[in-house]
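In: Please work out how this folds:
(one chain, ligands or ions: 1)
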Amino acid sequence: MEKFDLETLVRPNILVLHPYSSARDEFTGDEGIFLDANENPFGQTNRYPDPHQRLLKKALSERKQIPVENIFIGNGSDEAIDLIYRIFCEPQQDRVIICPPTYGMYEVSANINNVEVIQVPLNDQFELDIDKILSHRAQCIFVCSPNNPTGNRLQNIERLLREFQGIVIIDEAYIDFSSGSSFLKKLPYHPNLIVMQTFSKAWGLAGARVGIAYASAEIIALMDKTKPPYNISSLNQAEALKVLSNPHEFERQLSIILEQRSLLEKELKELAVVRHIYPSDANFLLVEVTDANAIYQYLVDKKVIVRNRSTVVRNCLRITVGTPEENRVLLDALGKMTEETGGKGDWGKGRLGSL
Ligand code: PMP
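Out: I've put the predicted structure just below:
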């Protein structure tokens with residue numbers, strides 16, 4: 001992007017915003033008698049958490065080799081998505097570009113913030129249509145790589161970063177499962193880039209709600225001043241620190257998931273109900289089947305829940321890689337279904353009615 005001027009992209013009310021100054025902002029020492037935040041003096045979780053998540057940012061900074069001033073921690077990536085709209089998009093005036101099929105929250109969050117969505121669908125290879133994207137004027141574009149639900153890493157993001165005249169958000173929620181590299185190392189060259197990652201996937205902390213955004217120090221400062229002061233609970237900061245301190249367990253789980261992804265792919269391919277498996281750089285497979293609705297319901301009846309994505313990609317199920325035991329149950333159920341339907345994977349209308 002030529003001649004980048006961040007201020008021209010920021011909503012004027014956010015530029016002049018004076019953030020809330022919390023008790024923990026005004027006194028930052030660890031020791032003393034704390035009578036400054038109207039807390040209950042008794043108990044275990046009675047104190048407000050560090051609003052700046054200093055310990056967690058330091059640990060992340062060491063792991064990722066990114067300075068702390070380039071790190072924002074959110075209550076899930078979903079908080080970062082919402083903040084991006086509130087910082088950069090004037091409701092009923094500014095626009096965002098989204099490239100479906102992709103993660104649904106980019107659009108829902110735009111709708112909540114009353115920001116117009118321009119949809120530029122991925123092409124039939126599930127790649128970005130860059131010329132079409134560049135023909136539009138918008139404050140922001142969200143791209144997801146590896147993409148949910150298609151599972152592929154997007155090519156051509158570099159060109160977008162160079163030529164798009166707005167903020168480019170690359171959601172790398174699934175990057176740890178990918179053989180490709182992260183855009184984090186490109187941050188110093190692109191002042192319009194925000195890279196989102198999360199503790200919800202490979203780090204195994206979906207229940208804790210800890211998301212991350214990496215960007216220039218200026219963008220991170222805007223996100224920090226706009227967020228609610230205590231957005232990450234002390235319990236969740238501690239959980240994230242705990243998993244970061246055990247990289248061996250992270251690697252162990254990751255290698256099982258990757259091995260299981262290959263095994264699932266290999267075995268699913270053998271089933272007559274499976275028409276196509278899209279290559280995956282994530283912890284799920286997008287699988288085209290003979291009859292997604294019937295197979296989804298069959299699996300639900302067997303207490304195996306996958307995601308029916310047939311409304312966004314025709315006849316497709318999105319199957320998350322589970323434990324070896326869970327994957328076995330899924331494969332056995334699909335194998336049994338194949339037998340019951342004589343290899344066709346659908347029962348015809350009459351039988352479907354009784355499912
Ligand atoms: N981004 C993508 C692409 C996702 O698929 C998801 C969750 N399914 C998220 C973000 C949400 O992440 P978090 O749990 O950090 O809010």
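In: any idea how far residue 78 is from the residue in the stretch 201-350 of the chain positioned nearest to the ligand?
Out: Closest to the ligand within the stretch 201-350 of the chain is residue 211: 3.6 Å, counting by C-beta to the nearest ligand atom. All C-beta atoms are positioned from the backbone trio N, CA, C, and that covers glycine. To residue 78, residue 211 is 7 Å away according to C-beta to C-beta, to the nearest Å.
In: Looking only at neighbour counts, state which of these two leads.
Out: residue 211 (22 against 18; other C-beta atoms under 10 Å).
In: isn't that one right next to residue 84, touching?
Out: No: taking C-beta atoms under 8 Å as the definition, residue 211 is not a contact partner of residue 84, at 11.6 Å.
In: all strands of the stretch 51-200 of the chain, in order?
Out: 71-74, 95-98, 116-119, 140-144, 167-171, 193-198 (DSSP state E, counting those that start in this stretch).
In: show me the contacts for the residue of the chain found nearest the ligand.
Out: Residue nearest to the ligand within the chain: residue 76 (2.8 Å; C-beta to the nearest ligand atom). Listed by C-beta atoms under 8 Å, 6 or more residues apart in numbering, the contact set of residue 76 reads 198, 200, 209-211.
In: Using ChimeraX, define a selection of the buried residues within the residues you listed.
Out: Here is the ChimeraX command that selects only those of these that count as buried (16 or more other C-beta atoms under 10 Å):
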select :198,200,209,210,211
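In: mind giving me a markdown table with the strands of the stretch 51-200 of the chain and columns for distance to the ligand?
Out: As requested, the strands of the stretch 51-200 of the chain are arranged in a markdown table below (distance: least, C-beta to the nearest ligand atom, whole Å):
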| stretch | distance to the ligand |
| --- | --- |
| strand 71-74 | 7 |
| strand 95-98 | 12 |
| strand 116-119 | 17 |
| strand 140-144 | 5 |
| strand 167-171 | 5 |
| strand 193-198 | 3 |
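In: need the ones you listed in TSV with mean pLDDT, can you?
Out: Listed next are the strands of the stretch 51-200 of the chain as TSV, based on pLDDT from 0 to 100:
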stretch	mean pLDDT
strand 71-74	98
strand 95-98	98
strand 116-119	98
strand 140-144	98
strand 167-171	98
strand 193-198	98
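In: Compare those strands and give me the one nearest residue 49.
Out: Closest to residue 49 of the strands of the stretch 51-200 of the chain, according to C-beta to C-beta: strand 71-74, at 10.7 Å.
In: elements contacting that closest one?
Out: Secondary-structure packing of strand 71-74 (3 or more C-beta pairs under 8 Å, 6 or more residues apart in numbering; DSSP states H and E): helix 54-64, helix 77-88, strand 211-214, helix 217-226.
In: if you set the cut-off to 10 Å instead, what comes out?
Out: Here strand 71-74 touches helix 54-64, helix 77-88, strand 193-198, strand 211-214, helix 217-226, helix 234-244, going by 3 or more C-beta pairs under 10 Å, 6 or more residues apart in numbering; DSSP states H and E.
In: what pLDDT, on average, does stretch 321-336 get?
Out: Here stretch 321-336 scores 97 as its mean pLDDT.
In: picking that back up, ok, the closest residue to the residue of the stretch 201-350 of the chain closest to the ligand other than its chain neighbours - contacts?
Out: Nearest residue to residue 211, sequence neighbours excluded (C-beta to C-beta, 6 or more residues apart in numbering): residue 77, at 3.5 Å. Applying C-beta atoms under 10 Å, 6 or more residues apart in numbering to residue 77 gives the contacts 103, 105, 169, 171-173, 196-201, 209-213.
In: Pretty sure residue 128 sits against residue 150.
Out: No: under the criterion of C-beta atoms under 10 Å, residue 128 is not in contact with residue 150, lying 11.8 Å apart.
In: Looking at the two now, which is surrounded by more residues?
Out: Taking other C-beta under 10 Å, residue 128 and residue 150 do not tie; residue 150 has more neighbours (27 against 24).
In: For the more buried one, which non-adjacent residue is closest in space?
Out: residue 126 (4.3 Å).
In: what's the burial count for the one you found?
Out: Residue 126: 21 neighbours (other C-beta under 10 Å).
In: just to revisit the earlier point, please tell me how far the residue of the chain closest to the ligand sits from residue 208.
Out: Counting by C-beta to C-beta, the gap from residue 76 to residue 208 is 9 Å.
In: Spit out the residues that contact the two alike.
Out: With C-beta under 10 Å, 6+ apart, residue 76 and residue 208 have common neighbours 199-200, 232, 236.
In: wouldn't residue 296 be in contact with residue 311 here?
Out: No: using C-beta under 10 Å, residue 296 is not in contact with residue 311, being 11.4 Å away.
In: These two: which has the busier surroundings?
Out: residue 296 (19 against 9).
In: Now do that one against residue 101, distance only.
Out: 17 Å.
In: do residue 181 as well
Out: Counting by C-beta to C-beta - residue 181 and residue 101 are separated by 24 Å.
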